[in-house]
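K.L.:
fold the following, please.
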Amino acid sequence: MTPYAVVIPTLVRDTLADCLAALAAAIGPAPAEIVLVDDRAVPGPLAHPLSVLGNLRDRTTIVSAGGHGPAAARNSGLWRVTSPWVVFLDDDVQVGPHWCEQVAADLEEASPDTAGVQGVITVPLPAERRPTHWERSTAGVARARWSTADMAYRTDVLKQVGGFDERFRYAHREDTDLALRVLDAGWRVRRGGRGTRLPVRPTGRWASVRAQRGNADDALMLRLHGAGWR
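P.N.:
From the prediction side, this is the model:
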């Protein structure tokens, strides 16, 4: 079995405990290490989320990242990983019941020139009514390429390309930028078979307005990768 680490950046939202509980319950080879990156500007207690990890608690390291955004938080976790593969999860996802078994298969099946293997994200939407704009926006993650909602990379490849670009301050394009740099370095990135669920988080009326902050990241992508990056 190929050892792997799991890195989860978090603002310690209510979703974190469910994320960790699903990981602890998943069938298959457990991660060799878990790095939980607290990205709050002022770190606080994590006793409740950690309590659901069970036997995985002894494999878990807590890192404080100082509130500099998801790219910097993921780097804070990446630099501490010693396993040959690192799987990034967002703190609002719930891995499937056989996820550990499936991620082990994804990594074993990765060809020598494959540096990244993406999980399959599903977003449950209401069947009885038309989805809201926020729900449709969240569902877009299921179609996105290279989303770090559930994304595995070879650890040494990420360190060779310099990790995430910390100029991306929002959870918007930092994963795409990283994948493009990995591809430019001559590696392949493919979709795997493991399944992860992303429930739609409750949000306020200004969610769509806050999402527009990511437009600055689009401008940075244009500068770094040119007009054809999309």
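K.L.:
can you list the residue ranges for helices in this structure?
P.N.:
Assigned by DSSP state H, the helices in the chain fall at 15-25, 47-51, 70-78, 99-109, 133-139, 155-160, 174-184, 207-211, 215-225.
K.L.:
from the contact counts, what lies against the third one?
P.N.:
Counting by 3 or more Cβ pairs under 8 Å, 6 or more residues apart in numbering; DSSP states H and E, the packing neighbours recorded for helix 70-78 are strand 4-10, strand 33-38, strand 85-89, helix 155-160, helix 174-184. For glycine as for every other residue, the C-beta is placed from the backbone atoms N, C-alpha and C.
K.L.:
deepest of the ones you listed, which one?
P.N.:
Ranked by mean neighbour count, these are led by strand 85-89 with a mean of 27 (mean count of other Cβ atoms under 10 Å).
K.L.:
just checking: what are the partner strands of that one?
P.N.:
strand 4-10 (parallel), strand 150-154 (antiparallel) (DSSP bridges).
K.L.:
nearest to Asp18, of the ones you listed?
P.N.:
Closest approach to Asp18 among the strands paired with strand 85-89 (Cβ to Cβ): strand 4-10, 12.0 Å.
K.L.:
tell me how far that closest one is from the chain's mean position?
P.N.:
The chain centroid and the centroid of strand 4-10 are separated by 7 Å under Cα atoms, centre = their mean, to the nearest Å.
K.L.:
repeat for stretch 183-193
P.N.:
16 Å.
K.L.:
contacts for that stretch?
P.N.:
Outside stretch 183-193, the residues that touch it by Cβ atoms under 8 Å, 6 or more residues apart in numbering are 102-103, 105-106, 109-111, 113-120, 146, 152, 154, 157, 160-161, 179, 182.
K.L.:
which of those residues count as buried?
P.N.:
102-103, 105-106, 110, 114-119, 146, 152, 154, 157, 161, 179, 182 (16 or more other Cβ atoms under 10 Å).
K.L.:
residues contacting Thr196?
P.N.:
Taking Cβ under 8 Å, 6+ apart, we find Thr196 in contact with Leu89, Val93, Gln94, Val95, Gly96, Trp99, Gly119, Val120, Ile121, Thr122, Ala149, Asp150.
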